[in-house]
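Visitor: sequence and predicted model, in that order:
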Amino acid sequence: MSLVFAALLVAVSAGKDQALHLYELNPKSGVLMERATYELPGSPGSQCVSIDGNHLYVSVRSANSVTAYQIDHAKKTLIPLGLTDIGANAAYVATDRTGRTLLWASYSGGVVGSHAITKTGTIRKGALSRIETARCAHAILPDASNKFAFVPHTGPNAVYQFRFNALTGKLSKNDPLTSSPAIGLEPRHLAFHPRLPIVYCDDEKGDSVTAYTLNRTTGLLKATHSTSTLPSGFDGSKNTCADIEITKGGKFVYASNRGHNSIAGFAVDAKSGKLSSIGQFPTGEIPRSFNLSPNNKWMVAAGQRSHDLYIYERNPKSGKLTKLHQQPTGQGPSWVQFIPIFKAKKK
């Protein structure tokens, strides 16, 4: 048996609704058709799909918890598996590269941690590790080797650097603990280049994307250069950056502008990793989150203040986005997550 890509679902965290809205993307028109709504005991935030594509994890921020769902590929729905109290308001959740550990970072708590994921996909109670950092921890992701993890912090203007033990699921502080870009940039989210030893962070206050070189042996970062996300002439005091993503081949990087209300696109130099702007593409108000589809053909961006979704088709050669639709969604959307649906196909 082999898995064949069959459909795309899109899950939207609607904070004011305290609910997860599930849509299916029409592959011909790009329209999102709502399939289900899942009520939660608090405001949902960050989401991530398991490595095997069979589970979805959602931070329920106001409940200091993470909820797990089984992805029903046949029915194209989600099956709730239960809520786990992690003792922190997680601004970001992600799995390690094996899928056996959930990593999380708490903005308000200034703490990062990890929990074991069971064979059935639930999150085991009791932290494997819990390390205090500083307020404003915005994201956490492991590198390709699964030996290191990085946590951008806006307030301290630093990326915190950790070692990760995939066997135990534990995080530990690297030395030095932090790497900082130029003063006042404030790194928020991050994306790894798939080939080059480079990590890109979008800068909340700097209205920019900063590239860091990654020492793959030591797991340490060094900021090298920054590129503006805004067009010339726009007042940067009226904007903050939020989310960042990179295409699978590493040819394009995208970051969202809250205030200019756009997705900034960049072409990536194949040798140096330097960025060059391909323009800004309009979104709804305050695009806190956007997501590229697994095949990089589609992008969906959520307007947190306008309570809407913009659906784009992406040009694979130029990287530019064409808006196909704008449609309403739940109140206060703070996260967008594509969920690939597969079907078993006999050889």
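Guide: It's in.

Visitor: so who does the nearest residue to residue 234 once chain neighbours are set aside touch?
Guide: Of all residues not flanking residue 234 in the chain, residue 260 sits nearest, at 5.7 Å (Cβ to Cβ, 6 or more residues apart in numbering). Where you see a C-beta, it was placed from the backbone N, CA and C, and this is true even at glycine. Each residue near residue 260 by Cβ atoms under 8 Å, 6 or more residues apart in numbering is listed here: 229-231, 234, 238-239, 280.

Visitor: quick one, grab the pLDDT at residue 260.
Guide: Residue 260 is assigned 98 on the pLDDT scale.

Visitor: now residue 164: closest residue in space, sequence neighbours ignored.
Guide: In space, residue 164 comes closest to residue 149 once its chain neighbours are excluded; the distance is 4.8 Å by Cβ to Cβ, 6+ apart.

Visitor: would you mind writing the CA trace of the helix or strand hosting the one you found as CSV?
Guide: For residue 149, the host element (DSSP states H and E) is strand 148-153. Output of strand 148-153 as CSV, limited to C-alpha atoms (Å, rounded to 0.1, in the frame of the first residue of the first chain):
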residue,chain,number,x,y,z
PHE,A,148,19.2,21.4,18.2
ALA,A,149,16.1,23.7,18.7
PHE,A,150,15.7,27.4,18.5
VAL,A,151,13.3,29.9,20.2
PRO,A,152,13.0,33.5,18.9
HIS,A,153,12.2,36.0,21.6
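
Visitor: and it, average pLDDT?
Guide: The model assigns strand 148-153 a mean pLDDT of 98.

Visitor: if you count contacts, what does it end up packed against?
Guide: On a contact count with 3 or more Cβ pairs under 8 Å, 6 or more residues apart in numbering; DSSP states H and E, strand 148-153 meets strand 141-142, strand 158-165, strand 187-192.

Visitor: give me the mean pLDDT for the shortest one.
Guide: Averaged across strand 141-142, pLDDT comes to 98.

Visitor: list of residues touching that strand?
Guide: 94, 96-97, 103, 148-150, 164, 190, 192.

Visitor: torsion angles phi and psi at residue 63?
Guide: The phi/psi pair for residue 63 (degrees, to the nearest 10) reads phi -100, psi 10.

Visitor: ok, residue 271 next?
Guide: When read as degrees, to the nearest 10, the backbone of residue 271 gives phi -100, psi -50.

Visitor: quick check: the gap between it and residue 198.
Guide: Distance of residue 271 to residue 198, given as Cβ to Cβ, to the nearest Å: 11 Å.

Visitor: between the two, which is the more surrounded one?
Guide: More neighbours surround residue 198 than the other of residue 271 and residue 198, with 21 against 7 (other Cβ atoms under 10 Å).

Visitor: for the more buried one, name its beta-bridge partners.
Guide: The partner list for residue 198 in beta bridges (DSSP bridges) reads residue 213.

Visitor: so it makes contact with residue 213?
Guide: Yes: between residue 198 and residue 213 there is a contact under Cβ atoms under 8 Å: 6.2 Å.

Visitor: that older thread, now a ChimeraX select for only the buried ones of the contacts of strand 141-142.
Guide: Buried residues among the contacts of strand 141-142 (16 or more other Cβ atoms under 10 Å), as a ChimeraX selection:
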select :94,96,97,103,148,149,150,164,190,192
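
Visitor: which of the contacts of strand 141-142 lies closest to residue 225?
Guide: Nearest to residue 225, judged by Cβ to Cβ, of these is residue 190 at 15.6 Å.

Visitor: in the chain, which spans are helices?
Guide: Counting by DSSP state H, one finds no helices in the chain.

Visitor: mind showing which ranges of this protein have poor pLDDT?
Guide: Counting by pLDDT under 70, the chain shows low-confidence ranges at 1-4, 344-347.

Visitor: swap the cut-off to 80 and go again
Guide: Regions of the chain meeting the criterion pLDDT under 80 cover residues 1-5, 344-347.

Visitor: measure stretch 258-267 end to end?
Guide: 21 Å (Cα to Cα, to the nearest Å).

Visitor: is residue 132 in a bridge, and if so with what?
Guide: residue 111.
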